[in-house]
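Asks: no sequence on this one, just coordinates:
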């Protein structure tokens with residue numbers, strides 16, 4: 001019941017008309033608003049630049065660690081369109097089945113395949 005009342009109140013407030021923008025001689029507020037938006041934009045640029053600088057070493061390390069595994073995956077999986085969507089079994093195993101009409105895969109490269 002409270003949710004319905006809150007929803008009705010929000011809809012009523014959203015439907016009320018807003019005062020029109022005044023283009024009168026008072027441009028001080030408009031200049032302050034523009035300056036505030038510029039400062040906000042500069043702050044966001046600085047924030048994201050700092051965030052990028054903080055995350056860059058971790059992302060580089062992650063990419064270096066994943067590169068061998070991704071190369072191996074690309075050797076094993078010839079064409080992603082030849083496989084169906086992954087299926088999760090009740091025991092947590094994930095199976096990715098090859099589509100029945102897909103062409104036969106190329107032979108695996110020499111060496112053991114870790115399962």
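Replies: Thanks, I have it. All of these numbers come straight from a predicted model, not from anything done at the bench.
Asks: which of the residues in stretch 71-83 are buried?
Replies: Buried residues in stretch 71-83, counted by 16 or more other CB atoms under 10 Å: residue 78. Backbone N, C-alpha and C define where each C-beta goes, glycine included.
Asks: For residue 95, give me phi and psi.
Replies: phi -120, psi 130 (degrees, to the nearest 10).
Asks: no wait, residue 83
Replies: The phi/psi pair for residue 83 (degrees, to the nearest 10) is phi -120, psi 150.
Asks: wait, it sits on residue 101?
Replies: No - checked against CB atoms under 8 Å, the pair residue 83 and residue 101 is beyond contact range at 11.9 Å.
Asks: Let's test this: mean pLDDT of the lengthiest helix in the chain, rounded?
Replies: Assignment by DSSP state H gives helix 28-76 as the longest helix of the chain. Summarised as a single mean, pLDDT over helix 28-76 is 88.
Asks: Note down every partner strand of the helix or strand following it and its orientation.
Replies: As assigned by DSSP states H and E, the chain's next helix or strand after helix 28-76 is strand 87-88. Sheet pairing here is set by DSSP bridges, and for strand 87-88 it gives strand 94-95 (antiparallel).
Asks: tell me the mean pLDDT for the partner strand?
Replies: In this model, strand 94-95 carries a mean pLDDT of 92.
Asks: what's it in contact with?
Replies: With contact meaning CB atoms under 8 Å, 6 or more residues apart in numbering, strand 94-95 is reached by 86-89.
Asks: from those, which is closest to residue 51?
Replies: Checking the contacts of strand 94-95 against residue 51 by CB to CB gives residue 86 as the nearest, at 32.1 Å.
Asks: Okay then, goodbye and thanks.
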